[in-house]
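Enquirer: Quick one, structure for this:
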Amino acid sequence: MSALKKIGILGGTFDPPHIGHLKLASHFAKILQLDQLLLIPSGEPWQKGADITSAEIRFQLTEAAGIDLARAFLYLKIPTQIGVDRIEIERAGPSYSIDTAKSLRERFGPKASLIWLTGVDSLIHLPTWNSWKDLFKYMNFAVTSRPHYDLAAEMSPEIKELLQTRQTQDLATLENQASGLIYIDEGLSVDLSSTDLRNRLKNSSPSQIASEQIPTHALEIITNLGLYQ
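Expert: Numbers count the residues shown, from 1 in each chain. The predicted model follows:
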């Protein structure tokens, strides 16, 4: 079989996964007509500190969120295949996106368009990532806006230069070029964060956190295991 043509990659700590993740995934799966979407929980997220839930539980939560995402795709008639990948959990040491990008490029071959899906807050902080400039040798970026983030006001000179050389406003180019481009989408604005949800769960019972904020199956695991209390 030939390699799939457009692969969306949604990485993160997923501590816990929330509806914002699912909205971002659904939005880009639809407009980019992704063949496949990979949810990739980080193994050792080096920028997050030590106070995080174990990788195996976060993987379990991500799998549960994937069930709700698959149902959303079915309802929205989005044919994108969904996978939850252990690539970062099974790799020893800190989870660097550059290592994941290299591995995925080897897996899917040189012609597939690998598209890293993220929010504008991550784009702003991209220069803090390990070997961040090399990421564009292996993948494209699709970025969604977030409330309270003014990209023009907050971006560093490095990001400004990056957008001048790599930004595209044509979705078709992400299909025709395997890597090296950035597409910024203003059509979706997600105002949820895992950090905020963890803080809320510490101060209230999971039953008080609406399923509009945490996917139903993930919320069930959080409740059963007493996570974030």
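
Enquirer: alpha carbons only for contacts and neighbour counts from here, please
Expert: Fine.

Enquirer: buried sites along whatever helix or strand Lys30 lives in?
Expert: Secondary structure from DSSP states H and E places Lys30 in helix 19-31. The neighbour-count check on helix 19-31 (16 or more other Cα atoms under 10 Å) flags Ile19, Gly20, His21, Leu22, Lys23, Leu24, Ala25, Ser26, His27, Phe28, Ala29 as buried.

Enquirer: Also stretch 184-200?
Expert: Buried residues in stretch 184-200, counting neighbours by 16+ other Cα under 10 Å, are found at Ile184, Asp185, Leu188, Ser189, Leu192, Ser193, Ser194, Leu197, Arg198, Arg200.

Enquirer: which residues of the protein fall in helices?
Expert: 19-31, 55-76, 97-108, 120-124, 151-154, 157-166, 171-176, 194-203, 216-225 (DSSP state H).

Enquirer: Of all the ones you listed, which one is nearest Ile89?
Expert: Nearest to Ile89 among the helices of the chain is helix 55-76; the distance by Cα to Cα comes to 6.5 Å.

Enquirer: mean confidence for that closest one?
Expert: In this model, helix 55-76 has a mean pLDDT of 97.

Enquirer: Please apply the same query to stretch 131-146.
Expert: The average pLDDT within stretch 131-146 is 95.

Enquirer: how far out from the middle of the chain is that stretch?
Expert: Offset of stretch 131-146 from its chain centre (Cα atoms, centre = their mean, to the nearest Å): 11 Å.

Enquirer: In PDB, list the C-alpha atoms belonging to that stretch.
Expert: The C-alpha coordinates for stretch 131-146 follow below in PDB (Å, rounded to 0.1, in the frame of the first residue of the first chain):
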ATOM      1  CA  SER A 131      16.000  22.100  17.500                       C
ATOM      2  CA  TRP A 132      12.900  23.900  16.500                       C
ATOM      3  CA  LYS A 133      14.100  25.200  13.100                       C
ATOM      4  CA  ASP A 134      14.800  21.600  12.000                       C
ATOM      5  CA  LEU A 135      11.200  20.700  12.500                       C
ATOM      6  CA  PHE A 136      10.300  22.300   9.200                       C
ATOM      7  CA  LYS A 137      12.600  19.800   7.400                       C
ATOM      8  CA  TYR A 138      10.100  17.100   8.400                       C
ATOM      9  CA  MET A 139       6.600  18.600   8.700                       C
ATOM     10  CA  ASN A 140       4.200  21.500   8.100                       C
ATOM     11  CA  PHE A 141       2.300  23.300  10.800                       C
ATOM     12  CA  ALA A 142      -1.400  24.100  11.000                       C
ATOM     13  CA  VAL A 143      -2.100  26.600  13.800                       C
ATOM     14  CA  THR A 144      -5.400  27.700  15.200                       C
ATOM     15  CA  SER A 145      -6.000  31.000  17.100                       C
ATOM     16  CA  ARG A 146      -6.700  31.200  20.800                       C
END
